[in-house]
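# Here is my input, please return the structure:
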Amino acid sequence: MNIYVIILSVIALVFLCGCGSNVQTDRAYQELGRAQHFHLKENGYLIAFEKRKKGSLKDLESADGYVSRFMPIEGNDKLTRRRNEVFENITTGQMKVMLATHITENFPHQKYLYNAYKDRPDGHYSYNASYDALDSFRRSLIDRLTEKKDKPYSHIIVMSMGWNNDQVESVWRYNQILTQLRAIAAENQDQNYHPLVIGFTWPSAWHTISDSSIRKTLGHVMSYGNKANDADELGYTLVNLVLNRHIPDAIDTAALPQRPKVVVIAHSFGARLMSRAVFSQPHLKSEDKPAVGVDLFLGLQGAFSANRFVLNAGREGAPYAEFSNLPTKFVLTTSENDSANPIAHYITGASHVGGKAGLRTANNHPDIFEVRDWARHNESRILLRQDKVLIIDAKSIVVNPDAHNDILDREMAELLWYFIRQLDD
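A predicted model of the protein is given here:
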């Protein structure tokens with residue numbers, strides 16, 4: 001690529017990228033001020049992932065880390081080969097590997113199921129212990145579901161935030177959304193809304209607490225490709241394991257009188273991560289692969305390409321093209337006001353579903369997407385569909401100046417509630 005194009009792209013990204021909260025990136029000395037909010041407002045779990053150099057993990061099972069648990073999908077046709085190439089590029093040969101470093105229970109008081117920092121502030125990282133911890137989560141989830149058989153959880157809400165959101169910011173955002181949903185349930189006198197929440201946090205930022213504004217800005221801009229890959233890596237691997245094995249296994253084992261609906265709520269790169277996980281069940285190594293357990297996927301201003309749903313489009317082998325074969329219903333919000341990362345479309349060809357390029361792709365493929373205007377949802381009911389991906393043009397509620405992050409208010413919660421209750425009905 002021409003060096004001038006690269007320079008211009010970086011400059012444009014500096015001025016135009018907006019995936020992270022402006023407040024978050026300047027929060028170097030405010031952690032203790034927000035620490036009192038570092039627990040979920042609903043019963044549930046926080047599962048934290050981090051990246052570590054492979055050489056620092058003495059118990060790493062293989063050179064690549066994932067090969068004993070995850071695999072390429074079966075088949076040798078051209079499309080499958082391309083999808084496996086992307087999978088292997090993302091998950092093998094990396095200098096670092098993802099692992100769980102701490103998991104908390106919040107029922108309602110917070111306690112640790114696992115904490116790599118328990119005995120030393122610089123952490124004691126163990127690759128195998130990470131997977132053991134995720135299995136401890138599965139066993140704990142079975143217990144929590146079983147003990148509520150008299151008043152079962154109505155939903156398991158699985159959440160992920162996106163690029164440039166650190167752990168404290170992510171939990172704060174989860175609580176903003178959950179508080180709004182709880183308030184709407186109360187106003188509608190819905191006494192059956194009783195969710196259990198699983199919130200993921202992941203290493204989505206570079207240099208956000210640096211004293212240097214230049215370093216913070218460049219760290220943010222230059223991390224785009226790395227963090228896009230990190231989101232996909234977690235979706236292929238650890239989050240795939242939790243979403244497609246541990247949660248369905250816990251629900252089945254608990255043998256509840258009524259199965260809770262599994263709902264994903266994810267923003268930006270978090271929507272990239274979670275959508276990648278929804279479609280990654282075939283990458284699990286196991287003869288016994290439980291059914292995909294997600295009922296409803298709510299992607300808010302997603303930072304992944306709409307071409308993932310379109311055969312013969314994009315560079316990734318259209319990994320989501322068979323969406324109608326899953327039990328999952330997909331709802332994705334978009335807005336022409338969302339100007340986050342517009343250069344990504346010109347550099348990588350990605351038509352992010354949350355912005356203009358993704359909306360244009362959706363309108364060009366009415367056989368795959370149904371585009372509906374949220375401002376008119378009271379005039380004509382918007383119904384969940386199995387055969388199409390719902391694209392909700394939310395420009396009436398996702399507005400400037402920071403449209404990409406305009407997902408935490410009452411208006412967006414009403415949109416979420418609209419589809420959650422429709423799923424239940």
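# these two touch, right, Gln422 and Leu384?
Yes: the pair Gln422 and Leu384 passes the contact test of Cβ atoms under 8 Å, sitting 5.7 Å apart. C-betas here are computed from N, CA, C, even on glycine.
# all helices for the chain, in order.
Secondary structure of the chain (DSSP state H): helices at 3-16, 31-35, 78-91, 127-146, 167-187, 213-222, 224-236, 238-241, 247-254, 269-278, 343-348, 356-364, 410-424.
# list the buried ones in the third one?
By neighbour count with 16 or more other Cβ atoms under 10 Å, helix 78-91 contains the buried residues 83-84, 87, 90-91.
# Convert that helix to PDB, retaining C-alpha atoms only.
What follows is the C-alpha trace of helix 78-91 in PDB, where atoms were taken according to Å, rounded to 0.1, in the frame of the first residue of the first chain:
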ATOM      1  CA  LYS A  78     -13.700 -23.700  -1.600                       C
ATOM      2  CA  LEU A  79     -15.900 -21.800   0.900                       C
ATOM      3  CA  THR A  80     -15.000 -24.100   3.800                       C
ATOM      4  CA  ARG A  81     -11.300 -23.800   3.000                       C
ATOM      5  CA  ARG A  82     -11.500 -20.000   3.000                       C
ATOM      6  CA  ARG A  83     -13.400 -20.000   6.300                       C
ATOM      7  CA  ASN A  84     -10.800 -22.300   7.800                       C
ATOM      8  CA  GLU A  85      -8.000 -20.100   6.500                       C
ATOM      9  CA  VAL A  86      -9.500 -17.100   8.400                       C
ATOM     10  CA  PHE A  87      -9.900 -19.300  11.600                       C
ATOM     11  CA  GLU A  88      -6.300 -20.500  11.500                       C
ATOM     12  CA  ASN A  89      -4.900 -17.000  10.800                       C
ATOM     13  CA  ILE A  90      -6.700 -15.700  13.800                       C
ATOM     14  CA  THR A  91      -6.000 -18.500  16.300                       C
END
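# Tell me where the stretch 251-400 of the chain is predicted with low confidence.
Scanning the stretch 251-400 of the chain for pLDDT under 70 picks out the ranges 287-292, 341-349.
# And the stretch 1-150 of the chain, by the same measure?
Across the stretch 1-150 of the chain, residues meeting the criterion (pLDDT under 70) sit at 1-37.
# Buried ones in stretch 58-68, by neighbour count?
For stretch 58-68, using 16+ other Cβ under 10 Å, the buried residues are 60, 64-66.
# Just put those in a markdown table and tack on distance to Pro121.
Putting those into a markdown table (distance: Cβ to Cβ, whole Å) gives the following:
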| residue | distance to Pro121 |
| --- | --- |
| Leu60 | 23 |
| Asp64 | 29 |
| Gly65 | 25 |
| Tyr66 | 28 |
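# from these, which is closest to Asp122?
Leu60 (18.8 Å; Cβ to Cβ).
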